[in-house]
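Chemist: I need the structure of the sequence given here:
(one chain, ligands or ions: 1)
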Amino acid sequence: MPQHTDVVLFGALGDLSRKYLWQSFFQLYLKEQTENKTFSFYGISRDAQKEGSQKLTKLLDDVNCEGDISSVCGLKLFEFRQLVTYVQLKTDEQFDSFGEHKLKNIPENSDFVLGRIFYLAIPPNVYSSVAARLSSCCKLKIRHAWSRLVLEKPFGSDLQSALSMARDIGKHFKEEEIYRVDHYLAKSVVRQILPFRNRNFNHLETILNNEHVERIEIAMKETADSKGRIEFYDKYGVIRDVMQNHMTELLALVAMELPNNHHSDFDSNKNKLLSQVKEVKEEHVLTGQYSRYLHHAEQEKANISLSVYTPTFAASLLNIDSPRWNGVPIIMISGKALDERSSYIRIKFKDSVMCVCGCKSFNVSQHGARQIIFQINPGSLPTVGILVSKNLFSPHLPEGLEDMVVTSQESFVFGQSLNEFYFSIPKTNENAYVTVVRDLYRGDKKSFVTTEGLEHLWHIWSSVIEETKHRHPKLYLEKNDISLNFGYSNGILRYVEQESSLVADEFSERERLSVSSLPSHFLGHVLLVKPDVQLYKSLAEKINDVAKTTVAKAGIFHLALSGGSSSIQLYRAILKHFPKFPWRWTHIWQVDERCAQYHDQLSNFKTIDEELLQNVRIPYGNIHPMVDYSVANVCSTGSVERYKAALVHFVSKLELDFIILGMGQDGHTASLFPKSGLLKDNENLVAMTTNESSVKRMTLLFSILNKARHTAVIVSGHKKHDIVDSLAGSEKKNVNNYPILGVNSQSGNVTFYIDNDAWFGK
Ligand SMILES: O=C1O[C@H](COP(=O)(O)O)[C@@H](O)[C@H](O)[C@H]1O
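Modeler: This is a model prediction of the structure:
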């Protein structure tokens, strides 16, 4: 029977159409068009007829024969361009007239098959309304005719919105007419997963289970960042963007029971597997954000207070609740701005070979890791393909694969030479969208997501996305930041940097035992006890978080610093871990200062300046040293008034955003010493004082210190252990003897950062 297909592409001038879809429809035309199989193509957008038509013509100029220099292809390309018509569709009338006058129509009983593909490469929020309009103007409702509605992700942003979108569209198109694209399912290696499993049934099906598999890794690493897509990315983030869909689909293909070649088996086996994947929990997910993300967000005028939370990297631990897979960790890794563009599924088998004798000459390939890798995007490999460790089995290849001849000795995969693998590659490696479009035309639903499948996918991910939406992702440097490396134990993921220092060297046995019984509070405030490196990193992270959110809200961030050697470590942690700290909008104040010249080693400001300020780009006017270095007597009588006036002028309601305090061995804080009359001064903000060594000092008073929005008290070094110990004791103490007790911020946000040496002693 002759057949004609109308292809109607909405979003015809958009990015996806420009990059992939027009080229893929040309490939379809090239391969499928015959005398009996004809096509028309309509490029739809809201642009006016003339402008839209010009843009489309330009876009079609880029469609090409991809290296095929035959005259046949050239001719077909010419024909194809003639068959594309631009149509502006905005109003109901335009839709109706399009259906009546442009699309092909046939009488009810003709011997002719008519098909219509409505491809929506447009924002999902208009899917329902366009589907409704198409249903009334253009959908075919006669015998020998079919209509297909094609949707691009995102399909909702959580379970509820996905279901409601499915319901709305379901009012106009039946399930079998809806094609939700997942282009990963059309990638050449992904298409070979089930044939490969089938062809190697005897070898594989006995070892693809929890008895033999140590873990499954599914990775989708990209070098590209999110520049130009911040608006989308802020809404979705990496988990919604790729884990909930592509990566979970990949998991289904490697872990599902093999279907019996019937499509219904395929769907039901896949859905069954997806229904067995346990809901991902908060502790199963690590998140990160590449360090220039906020810069890109600023450039794209995004809402920074949202952007700070957007994960561009995530690692997740999944589990499948089935007799076959129970207990096998499934680890998903995906991120932007990483070191390579590589997507793969790696099945790592347990090491069950014990060498007893002759181990010296034990063959590397017998001894090495046993794994199967489905390399979907090539990464460092010469091409995509399927790798099987030679010590596992020698695979039979299904029709779509052929052997890869490895010529280079130099290529390594997860530390093993390519020679240690059987390497097979797809015979054809066309762009995934070419496959999507061909499947679509043929009505083959392999690259598409069903409504039931979608429901399962969201069920796995919805709650963790919600739970982590206000979590600050760990910042990482673009392209190659080893601090993203992570490990898992007892069902929890941890970045290696934290984990290794926590469990290894830095805690002695005694400390490790006591860690479990650490109190959560000290002097009525939150307590954090950690080895010093981690302690400063945590505090730096906290300051960075508060700075970013404060700048996002108020446009300015006031940070007051103390002196002392602990502060140096803190500054170094900020510089090392937070290169994107918003210095431009930060004002630096001093908690206290000695009345000494800048170059005097007693000067707190010299340390702040040399260790921190000279290393960042902070406007000169944002720096507020406490004493006046322009005169010989740096602490003249006017200095207190000058500093007070500056505080009143710059700091709204005199609420500093973050203050860093220390604590002396005698319990003093700032320059507020035991028995000082200033401890009760509720009137003034700043004062001059002396301690026993009679060095004159200036200090902020509790009247302003306790108004701070966030206060951190750093206590570090074993010399502080005694004072910590006695303050932690039950005996009642007063502020007159222990000034630190005067720290009592109205905001309630006070945290004591105490390092191991100060807490546990020597
Ligand atoms: O769906 C998506 O996938 C691309 C990566 O696809 P690939 O075919 O280049 O591996 C990703 O960049 C994009 O953020 C996401 O929406």
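Chemist: around the ligand, which positions in the chain sit nearby?
Modeler: Residues of the chain that fall close to the ligand, judged by C-beta under 6 Å from any ligand atom: 222, 241-242, 343, 377. C-beta: built from backbone N, CA, C; applies to glycine.
Chemist: ok, 8 Å please
Modeler: For the chain, the residues in contact with the ligand (C-beta under 8 Å from any ligand atom) are 153, 183-184, 187, 220, 222, 224, 226, 229, 233, 236, 238, 241-242, 245-246, 336, 341, 343, 376-377, 432.
Chemist: among those, which lie within strands?
Modeler: Members of the residues of the chain next to the ligand lying in strands (criterion: DSSP state E): 220, 343, 376-377.
Chemist: dump these to CSV, plus neighbour count and pLDDT.
Modeler: What follows is these, written out as CSV (neighbours: other C-beta atoms under 10 Å; pLDDT from 0 to 100):
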residue, neighbour count, pLDDT
220, 23, 98
343, 25, 98
376, 25, 98
377, 18, 97
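Chemist: in whatever helix or strand residue 74 lives in, which residues are buried?
Modeler: Here residue 74, judged by DSSP states H and E, is contained in helix 71-83. Buried residues in helix 71-83, counting neighbours by 16 or more other C-beta atoms under 10 Å, are found at 73, 76-77, 80-81, 83.
Chemist: and the residues of the chain next to the ligand, which of them are buried?
Modeler: Buried members of those, scored by 16+ other C-beta under 10 Å, are 153, 183-184, 187, 220, 222, 226, 229, 233, 236, 238, 241-242, 245-246, 336, 343, 376-377, 432.
Chemist: by proximity to the ligand, which residue of the stretch 201-350 of the chain wins?
Modeler: Per C-beta to the nearest ligand atom, residue 241 is where the stretch 201-350 of the chain lies closest to the ligand, at 4.7 Å.
Chemist: now do the contacts for the residue nearest to that residue when sequence neighbours are not counted.
Modeler: Excluding the flanking residues, the one nearest residue 241 by C-beta to C-beta, 6 or more residues apart in numbering is residue 233, at 7.2 Å. By C-beta atoms under 8 Å, 6 or more residues apart in numbering, the contact list for residue 233 reads 226, 241, 310, 312.
Chemist: which residues touch stretch 283-292?
Modeler: The contact list for stretch 283-292 (C-beta under 8 Å, 6+ apart) reads 225, 238-239, 308, 310-318, 335-337, 464, 468, 471, 473-478, 484, 486, 491-495, 579-580.
Chemist: these in strands, which ones?
Modeler: Among these, DSSP E puts 313-318, 335, 474-476, 486, 492-495 in strands.
Chemist: those helices in the stretch 551-700 of the chain, which residues are they?
Modeler: Using DSSP state H, counting those that start in this stretch, the helices of the stretch 551-700 of the chain run over residues 565-577, 604-611, 637-650.
Chemist: which of the ones in strands among the contacts of stretch 283-292 sits closest to residue 147?
Modeler: Taking C-beta to C-beta as the measure, residue 318 is the one of the ones in strands among the contacts of stretch 283-292 closest to residue 147, at 36.8 Å.
Chemist: run a quick neighbour tally on that closest one.
Modeler: Per other C-beta atoms under 10 Å, the neighbour tally for residue 318 reads 24.
Chemist: residues contacting it?
Modeler: If a contact means C-beta under 8 Å, 6+ apart, then residue 318 has 251, 277-278, 280, 284, 329-332, 460 as its contacts.
Chemist: that one and residue 250, how far apart?
Modeler: Separation of residue 318 from residue 250 (C-beta to C-beta, to the nearest Å): 12 Å.
Chemist: now swap in residue 453 and tell me
Modeler: Residue 453 is 13 Å from residue 250, by C-beta to C-beta.
Chemist: with neighbour numbers in mind, choose between those two.
Modeler: Set side by side, residue 453 and residue 250 show more neighbours around residue 250, with 26 against 21, by other C-beta under 10 Å.
Chemist: my guess is the more buried one contacts residue 187. True?
Modeler: No - contact criterion C-beta atoms under 8 Å: residue 250 and residue 187 do not qualify, at 9.3 Å.
Chemist: what do those two both touch?
Modeler: Common neighbours of residue 250 and residue 187 (criterion: C-beta under 8 Å, 6+ apart): residue 376.
Chemist: just to revisit the earlier point, residues contacting the helix holding residue 74, please?
Modeler: Contacts to helix 71-83, defined as C-beta under 8 Å, 6+ apart, come from residues 25-26, 29-30, 33, 39-41, 60, 63-65.
Chemist: quick one: which of these has the most company?
Modeler: Taking other C-beta under 10 Å as the neighbour criterion, residue 25 ranks highest of those with 27 neighbours.
Chemist: now the element after the strand or helix carrying that one, going C-ward?
Modeler: With secondary structure defined by DSSP H and E, residue 25 is part of helix 22-32. As assigned by DSSP H and E, the chain's next helix or strand after helix 22-32 is strand 37-45.
Chemist: what helices and strands are in contact with that following strand?
Modeler: Contacts defined by 3 or more C-beta pairs under 8 Å, 6 or more residues apart in numbering; DSSP states H and E place strand 37-45 against strand 3-10, helix 22-32, helix 49-61, helix 71-83, strand 84-88.
Chemist: rewinding a little: can I get the contacts of residue 233 in JSON lines with distance to residue 696 and pLDDT?
Modeler: Below are these laid out as JSON lines (distance: C-beta to C-beta, whole Å; pLDDT from 0 to 100):
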{"residue": "226", "distance to residue 696": "53", "pLDDT": "96"}
{"residue": "241", "distance to residue 696": "59", "pLDDT": "97"}
{"residue": "310", "distance to residue 696": "49", "pLDDT": "94"}
{"residue": "312", "distance to residue 696": "51", "pLDDT": "97"}
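Chemist: in those residues, find the pair that's most separated.
Modeler: Maximum pairwise distance among the contacts of residue 233 (C-beta to C-beta): 10.2 Å, between 241 and 310.
Chemist: how about the contacts made by the closest residue in space to residue 11 that isn't next to it in sequence?
Modeler: The shortest distance from residue 11 to any non-neighbouring residue, by C-beta to C-beta, 6+ apart, is to residue 121 (3.5 Å). Residue 121 is in contact with 9-12, 14, 16-17, 21, 152, counting by C-beta under 8 Å, 6+ apart.
Chemist: residue 121 and residue 288: what is the separation?
Modeler: Relative to residue 288, residue 121 is positioned 30 Å away (C-beta to C-beta).
Chemist: show the contacting residues for residue 325.
Modeler: Counted by C-beta under 8 Å, 6+ apart, residue 325 has contacts 209-210, 255, 276, 319.
Chemist: ok and the residue in the stretch 451-600 of the chain nearest the ligand?
Modeler: Counting by C-beta to the nearest ligand atom, the stretch 451-600 of the chain gets nearest the ligand through residue 457, at 13.6 Å.
Chemist: now do the helix or strand where that residue lies: which elements does it pack against?
Modeler: Here residue 457 sits within helix 451-467, counting by DSSP H and E. If contacts are counted by 3+ C-beta pairs under 8 Å, 6+ apart, helix 451-467 sits against helix 159-170, helix 248-255, helix 263-276.
Chemist: what angle separates the last one from helix 451-467?
Modeler: Computed by axes from the mean of the first three to the mean of the last three C-alpha atoms, to 10 degrees, the angle separating helix 263-276 from helix 451-467 equals 20 degrees.
Chemist: C-alpha coordinates for helix 263-276, CSV please?
Modeler: Below are the C-alpha coordinates for helix 263-276, written out as CSV (Å, rounded to 0.1, in the frame of the first residue of the first chain):
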residue,chain,number,x,y,z
HIS,A,263,7.8,-5.9,22.9
SER,A,264,5.3,-6.5,25.7
ASP,A,265,7.9,-8.6,27.6
PHE,A,266,10.4,-5.9,27.1
ASP,A,267,8.2,-3.2,28.7
SER,A,268,7.0,-5.4,31.5
ASN,A,269,10.4,-6.7,32.4
LYS,A,270,11.8,-3.2,32.3
ASN,A,271,9.0,-1.8,34.4
LYS,A,272,9.4,-4.6,36.9
LEU,A,273,13.1,-3.9,37.4
LEU,A,274,12.4,-0.2,37.7
SER,A,275,9.7,-0.9,40.3
GLN,A,276,12.3,-2.8,42.3
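Chemist: begin at 375 from here
Modeler: With the count now opening at 375, the last piece we talked about shows up as helix 637-650.
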